[in-house]
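Asker: Take this sequence and fold it.
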Amino acid sequence: MIDVSLDAARFDAGAFAALTKSFEGIYEVLFGRGASYGGAGHEIVSARAIARGVLQPPAARAQGTPLESAGTRRVVFADPAAPIETAIYKTRYPAPDVKVDGPAIIEFPGQSVVVPPSGSALADRFGNLHVSIDQ
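Answerer: This next block holds a predicted model:
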């Protein structure tokens, strides 16, 4: 595959001609003078685009809901013979800056987040939980 940059805003016959000329130049640098033989025609077999743009940061979609305590459960973390009493929380969308120290399990509809005994979870403004573990 040979990468050829397209510098035109629109892809028309002129842009194709410039692209072809650029391709032939690169091809001849790689494989020798005259190797591109433009008289045989050209076929674009594949194309890929790489683009860059500036986006506005996303806005939080909701304010979040508080974590509701759902009791505790004995959970095995390391030693099956020594389960640890673990706090259980339920939420649909955690509020920003909510922090939970482990051991804990935070239950969402369809998923759960485990916070180990040496860890903590912190909700960002989008409701994502970031779990940190102290070693």
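
Asker: For the residue in the chain sticking out farthest from the centre, grab phi and psi.
Answerer: The centre of the chain is farthest from one residue, Gly39, which by Cα atoms, centre = their mean lies 44.9 Å away. Dihedral angles of Gly39 (phi, psi; degrees, to the nearest 10) stand at phi -60, psi -20.

Asker: Strands along this protein, start to end?
Answerer: In the chain, strands defined by DSSP state E lie at 68-75, 84-90, 99-101, 104-108, 111-115, 119-123, 129-133, listed in chain order.

Asker: Indicate which one of those strands is closest to Val29.
Answerer: Counting by Cβ to Cβ, Val29 lies closest to strand 129-133 out of those; the figure is 48.2 Å. C-beta here means a position set from N, CA and C on the backbone, and glycine is covered the same way.

Asker: per-residue confidence at Ala82?
Answerer: On pLDDT, Ala82 comes in at 95.

Asker: With Ala62 instead?
Answerer: In the prediction, the pLDDT value recorded for Ala62 is 67.

Asker: Pretty sure Gly64 sits against Tyr93.
Answerer: Yes. A contact is recorded between Gly64 and Tyr93 when judged using Cβ atoms under 8 Å, the distance being 5.2 Å.

Asker: joint contacts of the two?
Answerer: Counting by Cβ atoms under 8 Å, 6 or more residues apart in numbering, the contacts common to Gly64 and Tyr93 are Gly127.

Asker: Which one's more surrounded, the two?
Answerer: For the pair Gly64 and Tyr93, the greater number of neighbours falls to Gly64 (19 against 15), based on other Cβ atoms under 10 Å.

Asker: how near is that one to Gly119?
Answerer: 21 Å (Cβ to Cβ, to the nearest Å).
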